[in-house]
Structures are given as C-alpha cells and as structure tokens.
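Enquirer: Attaching a predicted model along with its sequence, questions to come.
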Amino acid sequence: MCSAFALVAAVLLNTGPARAQTTNLIIYNFNTNQVSQNSSFPFGGAYQGWGNWFGSAFQSVAWDPTTDSSNNPNSGSIKVSAYFDPPNSSTYYQYVLFDGFFSENLDMFDYFTNISFDIKFDPTSCTRTNADGTVDFGAMRFGCFDNYNQDWIYYFAIPATNGLGQPNTNWTHVSIPIDQKNTFAFWPNLVTLSGLLLGEDASGGGNLGNAISVGGIPLSPAGAEPTSGNTNQIGTQLYWVDNIQVIGPVGGVVHPPPTMSVAKTTRALRAFMGSASIYARSQLTTVSANESWIGGSFPVTYSFKLLDFPNVNQIQTHLEIIPGPAYTGNTGADYGNTNCLWLQILSDGNGGYTADVSWKTNNPNNNPNHTELSIASTNSPAGTWTLTFNSATSGTLSGPGTNNVAFTINDPNVANDFGNPATLVVGNQPNGVTGGEGLPTDYASITVSGTSQAIADNFTTASSLDPLWTTANCDDPTTVQLITSNEPYWVYWTVPDRGYGLGVATNVTTAPLMLPQYYNGYFDDPILISNGKLRWALIPSDCLPTADGQPQNGQPLAPNAFFRLSDPAPAN
C-alpha cells in the first residue's frame, strides 16, 4: 500500500527573525586576574579560573599583569608554561588548558561567526623543525568544551622566526572561523559555546602534525585530523594569550534554510558512522560471551556482508573479538580492554580498501599492535567478508577481490588470552575523520559458525533485531537501526536546522501540515538520527497520511504524501 505513494520533498519556510547583537564580545581581556582557580575545584571556569584538564606536559598557568598585547599598562594576559620530554620517554606528553566546565553560555548559532585571540611565545621556548626547513613553536589546537568532550575546531602553528630569520617576539592574532554550515554539522553542540580549550601534543603522538601551515590554516572540519608531528619538540615552552573574543555581524547571523530529500529504505541493518565524536562507535555486540574461536569446532568462521560502504579515506568497519565478560556501555572496549583481535577494513577514498587482521594482549588503552595480515585492493569494500580460523593460531581472510589469504596468530598463550568468555562486535566508526561522520553503512547479514553460540542473522528479512545483540555499546544507540518493511521511507535534511520541524500533508496548497505521528495517534514517532551534516528521520508506515486526514485506524492512505520542514514546527 505504501509503495503507491507519490513522495515529494519539502518546501522550506524560514520565518526566524533577525536578532540584534553587538559586533564583538570580549570573553577575556585579562584586565584583572581572570586566571586564579577556586581551591575547592581545580578546573577553573565557572569555578573561577583556568587550569589543566589533563596531560603531563602542563607546568603552570597564571595571570601576568605586566604583559599585554596592546601594551596597556592597566591590563595583562594569561601566561602558560609547559614541558615536553624526549620521544623515548615512557610518559606521553600533552596538555589541555581550559577555562572550566560550562564557563560560557554564548549563542554561537545566532550571533557569532569567529572566535579570536592573541598569542605570543617567549623566544627561548622549545621549537620543532618541519620537513620543509621552517621552524615553529609546535602544532597547537584550539577547541571548545562540549558536554565533557573536547571538540577541536582549529589547528595552527606560530612561526619561531620572523621574515628576516630573527626570533619571533611579536604577538600573533588568530581568528577562527565558525562555519555556519560545517562547524555545527560536525559539532552540533557548539551552537552554544560553554568552554574554551587550548592543547598541544608532543613526543610521539597526538592529532597534530607537520601538515599544519605556519600561517594557521585550519585542517578541520574539512577532513581528517592531522597526524603526529611534534616528536622533535623537546624542552620548556612559555607563551601568553590575550583578548579572547567572539565576533559576529550586527543584527545576528542569517542562516540559509535546510535542504531536504526523501528516499525509499533498503531492508538491512543501517549503522550511521559516528555520533558523539570522530571516534564514536556504531556497532552491534553479542549479549553472551561465547564467541571465541578457541575451543570451537574448526573451521570457525565469522562473516558479515556489506551492501555499501562510504568512499571516504580511512573510515572503518570492523569485526572484533574481545575477551572478557560481556560488557555494557563500554563503547571503546577494543581500545580500552587488555586483549582484542580485530578485522579492520579501511576505505581508501578511491573506491578501494585496506584490511588488516591484528591483535593485542596485556595492552590496555591501545589499538591491536600485532598485525598478522594486511592487504589492499582496488575493489570496493562492499561485499562479503569472512574470517576463518582453521586452528587456534591459523586462519584465512576472504573479502571482495581477495580469497583465503592466510594469517597466523603468533601468541603462545592464545588459548588463555582469547578463550571464552569473549564477545563479538561488528560495526563502524569515522576513525578520526570528520568527513566520515554521519555517513550510513548497510549490513545485509552476520553469520558465525563453529563457536559455542552460532549466529545466522539475515537483516534483509528480519522483522526485529535478534535479542542476541545489544546496541548499548554504541556511543549513540539510535545510530544503529534495523530497517524492516514497516519503515518504508527516509526523510533527511541538512543542518543546522534549529527551529525547524518535520510535517506531512496530502498536498502542498490546502491540506494542513501535520506532525507525522498524528496519523498513528502519537503512538509511534519517526526515529531521528543526528549525525554529521545530515539529520535523518526514519518514517514508519503508520506515520503516512490518510485520504480523509484523520488518524489511520484502518483508513485508506492518501495517494500522495508531501513532507515539509517548517520554522516554526507544526504545532499539532
């Protein structure tokens, strides 16, 4: 009955009024001591002061009334000291300077388009030398506090020399654009600015690297976060920050309206990549912990079929076997747990993929570090992947364009390290790539044979998710949805979309615009998934309009359905 519908995408209304606001708002000018911390709470901010959220490189932060970016004798700045040890140190050196939990309450969506500040380094500060011979004070990152997460929105490096090759002792003005289309798409909670972050990683890791221009060209949110590049930065670092402010046009920001589309669903398990962050997992985990190949009936096979996979470089889908009792709420168990074996498949951005079979033991808070097999192919990763164990320590991998490639697990304690209890995890994550957030992957099936608990789950025919699975180990469980014959349509639109709501009508001229759930008596709402640059609504059959405009109750459906986003949203 639903297939007879003529579906039309929304006509968009944008009736939000313009809002008046001053052009600049100074958050910190450090005319007075805005740095000292409340002794009862070490993190500052709403608790009056700046501090280090975490990281061993941090040394101190203080108000310096003698140093001001405008040489104003009645003002000062914030003075930060850090220390980075050699790369072979057992300590990972980083810091995250911030002004506290919920320190600000600024409406970035409606009023502001930039965040800016001034920064100056002491010329004796440690530096790094880049591959092109330039020298700077290291790759830094600026971000915002987001509900106890860190959203790193800008990467920059300050040159250590001026144009004449002399030490750089000047103040540098850094202006960070708040892209109304992309920034809020990747970090939707930043519509309200609630805290400021300034961080740096050195000596062997971090999300910052030589790719960063010394001119402060931002590399995020355009793509993947930069890779490590501060490994040759060793010693003490000293710098000052002043005049932190937000900037926006007089009258407020005028937003373009969202654009919207409608599409038929495909019966499958759909997992939207990423939710809370660029490392967020969207995945299924077995409720029981009987999925190890150890002690199984060989050959033991783990298989899943991808109907599609986004063509973005370095995003991943994975199949993981994680020893230990069944767990709930531990989304990053592959990283945090002591032992793990995974099949990791990464799109290469050119229609192909790389895949590896890797494992770790006694190595918490790290990815699997023993790679037993690594392959690359020009084929799409969409297709059937099968991991087969022919013994406790040997097996093969088959996938699109490759067949029965052998691997060996060189672990003499494999029976103890990977025996039951062990859970199976299948899913995806953006893997640090901002451009991967919100992209959907459709899984047709997952099958397991030879283990203590076999699995044969065909998502293209299932009417409900088998209770052997849980979505509790997703960063956002709504990002994993089983699509059945009862959910015939996706409606999706661009963000930001604040103030807009979804309605449906039988025509675009005279029929009233109704909330979709009106047609089922407000019993069954569309499922909303907020990810990346799009917001998705999964429309159940009972949310489709009837010919007489009344709730369904057995009434025939109207021949047409028109979905519309409106501001304000339908009130019924």
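Expert: Everything's here; your move. What you see is a predicted model, and the numbers here were worked out from it, not measured in a lab. Numbering: from 1, shown residues only.
Enquirer: Show the low-confidence segments of the stretch 101-250 of the chain, by residue range.
Expert: 180-181, 185, 203-231 (pLDDT under 70).
Enquirer: export stretch 121-141 as CSV, just CAs?
Expert: Output of stretch 121-141 as CSV, limited to C-alpha atoms (Å, rounded to 0.1, in the frame of the first residue of the first chain):
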residue,chain,number,x,y,z
PHE,A,121,55.8,32.9,22.6
ASP,A,122,58.9,33.5,24.6
PRO,A,123,61.7,33.1,22.1
THR,A,124,63.5,30.6,24.4
SER,A,125,60.6,28.2,24.1
CYS,A,126,61.2,24.8,22.5
THR,A,127,60.6,24.5,18.8
ARG,A,128,60.1,21.9,16.1
THR,A,129,61.8,21.8,12.7
ASN,A,130,59.5,20.8,9.8
ALA,A,131,60.3,18.8,6.7
ASP,A,132,60.5,22.0,4.6
GLY,A,133,63.0,23.5,7.0
THR,A,134,60.7,26.0,8.7
VAL,A,135,60.8,26.3,12.5
ASP,A,136,57.8,26.9,14.7
PHE,A,137,56.7,26.6,18.3
GLY,A,138,54.8,23.4,17.6
ALA,A,139,51.5,22.4,16.3
MET,A,140,48.7,23.5,18.6
ARG,A,141,44.9,23.1,18.6
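Enquirer: next one: it to chain centre, how far?
Expert: Distance of stretch 121-141 from its chain centroid, counting by C-alpha atoms, centre = their mean, to the nearest Å, is 29 Å.
Enquirer: again, but for stretch 381-394
Expert: Centre-to-centre, stretch 381-394 and its host chain are 29 Å apart (C-alpha atoms, centre = their mean).
Enquirer: Quick check: end-to-end length of that stretch?
Expert: Stretch 381-394 has its terminal residues 23 Å apart, counting by C-alpha to C-alpha, to the nearest Å.
Enquirer: Let's test this: mean pLDDT of that stretch, rounded?
Expert: Across stretch 381-394, the average pLDDT comes to 97.
Enquirer: and what of stretch 315-330?
Expert: Rounded mean pLDDT across stretch 315-330 is 93.
Enquirer: Go through it and flag the buried ones.
Expert: For stretch 315-330, the neighbour count (16 or more other C-beta atoms under 10 Å) marks 315-324, 326-327, 330 as buried. All C-beta atoms are positioned from the backbone trio N, CA, C, and that covers glycine.
Enquirer: is it true that residue 457 touches residue 466?
Expert: Yes - using C-beta atoms under 8 Å as the test, residue 457 is close enough to residue 466 to be in contact (5.6 Å).
Enquirer: Who has more neighbours out of those two?
Expert: Using other C-beta atoms under 10 Å as the criterion, residue 457 and residue 466 rank with residue 457 on top: 21 against 15.
Enquirer: where does the more buried one land on pLDDT?
Expert: pLDDT for residue 457: 97.
Enquirer: dump the residue contacts of it.
Expert: Counting by C-beta atoms under 8 Å, 6 or more residues apart in numbering, residue 457 makes contact with 445-447, 466, 468-469.
Enquirer: Can you say which of those residues are buried?
Expert: Neighbour counting by 16+ other C-beta under 10 Å classes 445-447, 468-469 among those as buried.
Enquirer: about what we covered before: in strands, which of the buried residues of stretch 315-330 appear?
Expert: Counted as lying in strands by DSSP state E, out of those, are 316-323.
Enquirer: In JSON lines: those, plus distance to residue 480.
Expert: Formatted as JSON lines, those follow (distance: C-beta to C-beta, whole Å):
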{"residue": "316", "distance to residue 480": "16"}
{"residue": "317", "distance to residue 480": "13"}
{"residue": "318", "distance to residue 480": "14"}
{"residue": "319", "distance to residue 480": "15"}
{"residue": "320", "distance to residue 480": "15"}
{"residue": "321", "distance to residue 480": "19"}
{"residue": "322", "distance to residue 480": "17"}
{"residue": "323", "distance to residue 480": "23"}
